[in-house]
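# Quick one, fold the following:
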Amino acid sequence: MKKNKQLLVAALGLFLASCGAGGGAKKTPGGVDFVVHKSGSGAQLKLGDTVLLNIIQSLNDSVIVESRKVAGGPVPFVISKSVNKYDLMDGLVMLKEGDSATFTIPIDSLPQRPPMAKKGDKLNLTFVVVGTYTGAKQKAADDKIIAEYAKTNKLNTTTTPEGVYVAVAEQGAGEKPQVGDTVVVHYTGKLINGTVFDSSLDTTLRPGAKIEPIRFPLGRGFVIKGWDAGIAALNKGSKATLLIPSTLGYGLQASGPIPANSVLVFDVQLVDIVKGKPEAPAALQPGK
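Here you go, the predicted structure:
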């Protein structure tokens with residue numbers, strides 16, 4: 001969330017600019033011209049909302065940055081009280097879910113001219129309001145995606161109290177790990193579309209790395225919450241597929257090849273459980 005806010009601030013604050021597209025069809029209370037290209041049918045945005053935006057910043061007709069190319073998906077941003085007209089908060093609350101609008105500020109009106117701009121230029125910022133985010137809304141969407149995936153792939157799942165879906169392919173004969181035990185796990189991580197983003201069994205994803213399981217103390221926050229919950233549900237020796245809702249994965253924050261709000265699929269094998277004092281985790285771990 002912090003990185004995404006910095007992206008918007010970089011677009012709005014670093015350049016002290018917010019932008020627009022059309023010729024002043026509307027104005028924010030602060031006096032910034034904007035035009036709505038597409039009117040959505042969703043709820044009106046308001047202070048305190050976490051809004052999901054696709055952002056395009058341009059100087060005149062030249063695109064400077066597109067958030068989808070930088071962040072891999074919509075940028076989450078919390079709407080707060082406007083401090084000055086250049087932060088565009090008072091403009092965002094004039095939009096609805098589904099709206100697409102461009103705000104324009106003449107370069108000459110800015111307190112400081114961006115280095116790439118010249119006198120008479122216009123700085124434009126287009127917001128596409130994808131929606132608003134709540135944990136409950138995202139969980140409902142994730143659960144639907146997981147149910148469809150499990151049905152398509154013929155997975156018989158059970159659900160942990162935390163909300164991780166577990167499909168055991170091969171039941172191990174050993175005991176289940178407890179919080180503080182060091183678990184030894186082989187894994188392959190995929191997106192819901194099948195794209196593999198990490199694996200302890202594929203050196204092409206980690207050139208030069210050994211093929212070996214990872215080790216980490218269970219329940220100590222060394223991995224994403226979905227891993228702690230899913231691995232805790234397995235007996236030693238088990239092979240299983242963990243279907244992890246985004247709220248128990250990386251949530252709103254994209255991570256490398258993993259887009260924000262992604263349901264994660266992990267094929268795992270609980271190779272061993274080391275009782276007693278937790279061992280130091282490996283340097284490379286999924287979820288960190």
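
# Would you map the strands across the stretch 51-200 of the chain?
62-66, 75-78, 100-106, 122-132, 158-159, 165-170, 182-191, 196-199 (DSSP state E, counting those that start in this stretch).

# Can you work out which other helices and strands pack against the second one?
Under the contact criterion of 3 or more Cβ pairs under 8 Å, 6 or more residues apart in numbering; DSSP states H and E, the helices and strands touching strand 75-78 comprise helix 2-9, strand 50-59. Just so you know, the C-beta spots here come from the backbone N, C-alpha and C atoms, and that holds for glycine as well.

# least reliable of these going by mean pLDDT?
Looking at the helices and strands packed on strand 75-78, the lowest mean pLDDT belongs to helix 2-9 (a mean of 48).

# Past that helix, which element shows up next along the chain?
strand 26-27 (DSSP states H and E).

# Mind listing residues that contact that next one?
Applying Cβ atoms under 8 Å, 6 or more residues apart in numbering, the external contacts of strand 26-27 come out as 33, 34, 35, 36, 94.

# re earlier: looking at the strands of the stretch 51-200 of the chain, which is nearest to residue 214?
Residue 214 sits nearest to strand 182-191 of all these, at 5.8 Å, using Cβ to Cβ.

# Could you name the helices and strands sitting against that closest one?
strand 196-199, strand 214-217, strand 264-274.

# Just the buried residues of stretch 255-272, please?
For stretch 255-272, a neighbour-count test (16 or more other Cβ atoms under 10 Å) marks 255, 258-272 as buried.

# nope, stretch 26-42 is what I meant
28, 32, 33, 34, 35, 36, 40.

# shaky segments in this protein?
Across the chain, the ranges flagged by pLDDT under 70 are 1-24, 276-288.

# Spatially central residue in it, please.
residue 260 (1.9 Å; Cα atoms, centre = their mean).

# correct me, but that one touches residue 68?
No - look at residue 260 against residue 68 with Cβ atoms under 8 Å: they stay out of range, at 10.9 Å.

# Need the overlap of contacts for the two.
Once Cβ under 8 Å, 6+ apart is applied, the residues that residue 260 and residue 68 both contact turn out to be residue 74.

# what's the burial count for residue 92?
Each residue near residue 92 was counted by other Cβ atoms under 10 Å, and the total is 25.

# which ones are touching residue 256?
With contact set as Cβ under 8 Å, 6+ apart, residue 256 has these partners: residue 197.

# out of everything not next to it in sequence, what's closest to residue 58?
residue 124 (4.7 Å; Cβ to Cβ, 6 or more residues apart in numbering).

# ok, now how distant is the one you found from residue 198?
Per Cβ to Cβ, to the nearest Å, residue 124 is found 38 Å from residue 198.

# the more surrounded of those two?
Set residue 124 next to residue 198 and count neighbours by other Cβ under 10 Å: residue 124 wins out with 25 against 20.

# Quickly note the distance from the more buried one to residue 220.
47 Å.
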